[in-house]
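J.: next come a sequence and a model predicted from it.
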Amino acid sequence: MHALEKLLAKASGKTRVKPGEIVEAEVDLAEVNDLYLQVIKSFYEMGGTKVAHPEKIAFVFDHYSPPPTIKAADNQRQMREFCEKMGIKMLFDVGEGVCHQLLAESGLVGPGEVVIETDSHTTTLGALGTFATGVGATDLAIILLTGRLWFKVPPVINICLDGKMSDFIMAKDIILHVLGKLKQDAAIYKAIEFTGSTVSSIKMDERFVLCNMSVEMGAKTAYIQPDEVTFEFLGDQGSEIENFEVFTTDDDFNYFESYYVDVRNLSPQVALPGSVDNVCGIEQVEGIPISQVFIGTCTGGRLNDIKIASEILKGKHVAKNVRCIVIPASKKILQEALKRGYVQTLLEAGAIFVTPGCGPCLGAHEGVLAPGDVCVSTSSRNFPGRMGSTKAFIYLASPATAAASAANGKLTDPRKLL
């Protein structure tokens, strides 16, 4: 069996499971974000009076942080009241950050666990060796009621990433390249495991990006086998490592599909407006004028992302008529970036810092695009209307490419700027 199959087998009280099999598994941690008041409504509609395991439930206010509308503010109020009533202690209120990052850095999530959130990019947490996936309001309400949920065991695709990345090539470039080759429907209700020398050599900040954007290929979950890098990260977060169980894949396991990607000669990658899998090298779009740069979200707002942006913009200034918005993925990241001087460097360069959270990624607030705007974003999606107007244009790129583009006022290869 694959490690993910062993994980699901244990969580469902079985000795073996196979792809396509339906299992009912115990959930180790479930999270509700502030888009999903319907979870509470569904809980009550199903006759709920008591949450089965309040110690395994978290609420995070990240999509509307702080709330930009009366409705958003009232939704958060009702969620606070629900947590108080049900004895749910893990409430991450406004300003704490993005749900996936908060769970990763809280010490609550680790190898061998089943983690469910009301957000498609929950696949991010597969970088820690979990079975992590997003669900809708009704499924999450069932977890509140019972502590369990059904799953179909997914086939596993192996993507082997090999070679050392060149300077200013980041995990975002790799996953965009993979998306461009395999397309959005490559892994519908399948798991993606990332292996290879490239994966072994990169830190957790970059591994999270690979797993995060696996969902853009339709993946039910993503996975990276835990190693020393994983446990170093967990130790830094104060995790009780002995509480986690590491599963390994059997030597004779056969993957559903396997792909090999050599990253050694990869150039900075860009997803063209309208589709995350319409990808090209920076060479084909370099020089296109832009009006906004967004460095942030669960895809591009971690400490390494802010570090790279500050290195590129140090001693420079954001181009005239360009807005460069930086949103750390959590308060903890913001504090560390402050301590290391990254924030000061970026402020001096003309960047704008906003409250940790999702910001304009979903087109709600703090950087919404107007008709005709051209944005270079480190986020995960660029379909029309994602960040505001349907007549705006969103190019997805790495933090390095985004920062270089902010300095030049046009799409720019970061390797040429330094």
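T.: That came in fine, so what should we check first? Residues are numbered from 1 along each chain as shown.
J.: didn't T195 look like it was pressed against D162?
T.: No - counting by C-beta atoms under 8 Å, T195 stays clear of D162, with 9.2 Å between them. Yep, even glycine has a C-beta here, placed from its N, CA and C like the rest.
J.: more neighbours: the two, which one.
T.: More crowded of T195 and D162, by other C-beta atoms under 10 Å: T195, with 19 against 14.
J.: how near is that one to T221?
T.: Noted for T195: a distance of 15 Å to T221, by C-beta to C-beta, to the nearest Å.
J.: what do you get for F168?
T.: On the measure of C-beta to C-beta, F168 and T221 end up 30 Å apart.
J.: got the CA positions of the helix ranked longest in the chain in CSV?
T.: The longest helix of the chain (DSSP state H) is helix 70-86. What follows is helix 70-86, C-alpha atoms only, in CSV (Å, rounded to 0.1, in the frame of the first residue of the first chain):
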residue,chain,number,x,y,z
ILE,A,70,-21.5,44.3,7.7
LYS,A,71,-22.4,40.8,6.6
ALA,A,72,-18.9,39.5,6.9
ALA,A,73,-18.6,41.1,10.4
ASP,A,74,-21.9,39.5,11.4
ASN,A,75,-20.9,36.1,10.1
GLN,A,76,-17.7,36.3,12.3
ARG,A,77,-19.8,37.3,15.3
GLN,A,78,-22.1,34.3,14.9
MET,A,79,-19.0,32.0,14.6
ARG,A,80,-17.5,33.5,17.8
GLU,A,81,-20.8,32.8,19.6
PHE,A,82,-20.9,29.2,18.3
CYS,A,83,-17.4,28.5,19.4
GLU,A,84,-18.2,29.9,22.9
LYS,A,85,-21.4,27.8,23.1
MET,A,86,-19.8,24.6,21.9
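J.: nearest residue to L35 in space, please, no chain neighbours.
T.: H63 (5.1 Å; C-beta to C-beta, 6 or more residues apart in numbering).
J.: contacting residues around E245?
T.: For E245, the contacting residues are 10, 111-112, by C-beta atoms under 8 Å, 6 or more residues apart in numbering.
J.: closest to G315 among the residues you listed?
T.: P111 (41.9 Å; C-beta to C-beta).
J.: verify the stated contact: that closest one with G129.
T.: Yes - under the criterion of C-beta under 8 Å, P111 makes contact with G129 at 3.4 Å.
J.: and F82, how far from A141?
T.: Separation of F82 from A141 (C-beta to C-beta) stands at 11 Å.
J.: and if you look at L346?
T.: Separation of L346 from A141 (C-beta to C-beta) stands at 41 Å.
J.: swap in A364?
T.: Distance, A364 to A141, using C-beta to C-beta: 24 Å.
J.: comparing these two, which shows the higher neighbour count?
T.: Counted by other C-beta under 10 Å, A364 and A141 do not tie: A141 has more neighbours, with 24 against 21.
J.: who are the packing partners of the helix or strand harbouring the more buried one?
T.: Using DSSP states H and E, the element containing A141 is helix 137-146. Helices and strands touching helix 137-146, as assessed by 3 or more C-beta pairs under 8 Å, 6 or more residues apart in numbering; DSSP states H and E, comprise strand 29-33, helix 38-45, strand 114-117, strand 148-152.
J.: buried sites along that helix?
T.: Neighbour counts over helix 137-146 (16 or more other C-beta atoms under 10 Å) mark 137, 139-146 as buried.
J.: and if you look at stretch 7-17?
T.: Buried residues in stretch 7-17, counting neighbours by 16+ other C-beta under 10 Å, are found at 7-12, 14, 17.
J.: centre of the chain to that stretch, how far?
T.: Relative to its chain's centre, stretch 7-17 lies at 27 Å (C-alpha atoms, centre = their mean, to the nearest Å).
J.: make a markdown table out of the buried residues of stretch 7-17 and add secondary structure and distance to A400.
T.: Converted to a markdown table, the buried residues of stretch 7-17 look like this (DSSP: H, G, I helix; E, B strand; the rest coil; distance: C-beta to C-beta, whole Å):
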| residue | secondary structure | distance to A400 |
| --- | --- | --- |
| L7 | helix | 34 |
| L8 | helix | 37 |
| A9 | helix | 41 |
| K10 | helix | 40 |
| A11 | helix | 39 |
| S12 | coil | 42 |
| K14 | coil | 45 |
| V17 | coil | 41 |
